[in-house]
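J.: what follows is a protein structure lacking sequence information:
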């Protein structure tokens, strides 16, 4: 029952100035976004390689796509969504042994609790060198992550396994 500005001021006072306002969606025209997502030439992916970690957070894009666009809006099947999030991008960037589950492939897999898949609110942590801050956002519903055949995450916790490699200046991953 109050304006956005008044709500922001009230929340700022209540939280001693620590309120976090997060509006991660830049294109407010959901029809236009749905049209782009339906285009077979659009490849899912968004990142700035961490260049703006204290300003924006785009790591939640795959989970948002699955929870909002696929589960809630049902713009495509879960199978098509996973293909768009994995094989389509891998193929575009020449990662010929990734993005599919087949003999000889790397075997990177997320086991997902579809009904439990959700995004909690982001938080801001000051854990970078010299106390610099960054946005962090977890996700619920990823039961396990397997990278190259090794379980690297279980229920959101890192197992200690470091099966991945940095892909820098390569045209194909082996």
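T.: On my side now, so go ahead. Keep in mind that this is a model prediction, so the values were computed, not measured. Numbers count the residues shown, from 1 in each chain.
J.: wait, is residue 153 part of a strand?
T.: Yes - under DSSP: H, G, I helix; E, B strand; the rest coil, residue 153 sits within a strand.
J.: and it, how many neighbours?
T.: Neighbourhood size, residue 153 [other Cβ atoms under 10 Å]: 17. Every residue, glycine included, has its C-beta placed from N, CA and C.
J.: ok, for it, nearest residue in space, not its chain neighbours?
T.: residue 145 (4.0 Å; Cβ to Cβ, 6 or more residues apart in numbering).
J.: what sits up against the helix or strand containing the one you found?
T.: Per DSSP states H and E, residue 145 falls inside strand 142-147. The set of residues external to strand 142-147 that reach it, using Cβ atoms under 8 Å, 6 or more residues apart in numbering, is 106-113, 117, 151-156, 161, 163-164.
J.: just these: which are in strands?
T.: 109, 110, 111, 112, 151, 152, 153, 154 (DSSP state E).
J.: what residue lies at the spatial centre of this protein?
T.: residue 60 (3.0 Å; Cα atoms, centre = their mean).
J.: who's in contact with whichever strand or helix holds residue 80?
T.: Applying DSSP H and E as the criterion places residue 80 in helix 78-85. Contacting residues not belonging to helix 78-85 are listed as 43, 44, 62, 65, 66, 69, 70, 71, 76, 114 [Cβ under 8 Å, 6+ apart].
J.: and which of those is nearest to residue 16?
T.: Closest approach to residue 16 among those (Cβ to Cβ): residue 62, at 34.2 Å.
J.: what count of nearby residues applies to residue 66?
T.: Going by other Cβ under 10 Å, the residues that sit close to residue 66 add up to 21.
J.: could you do residue 164 as well?
T.: Neighbour tally, residue 164, other Cβ under 10 Å: 13.
J.: quick one: buried residues of the top helix by length along the chain?
T.: Counting by DSSP state H, the longest helix found in the chain is helix 4-14. Applying a neighbour-count criterion of 16 or more other Cβ atoms under 10 Å, one finds nothing buried in helix 4-14.
J.: with stretch 107-121 instead?
T.: Here stretch 107-121 shows 107, 108, 110, 112, 117, 119 as buried, counting by 16+ other Cβ under 10 Å.
J.: returning to that earlier point: average pLDDT across the helix holding residue 80?
T.: Mean pLDDT, helix 78-85: 94.
J.: show the subsequent helix or strand relative to that helix.
T.: Scanning onward from helix 78-85 (DSSP H and E), the first element met is helix 87-92.
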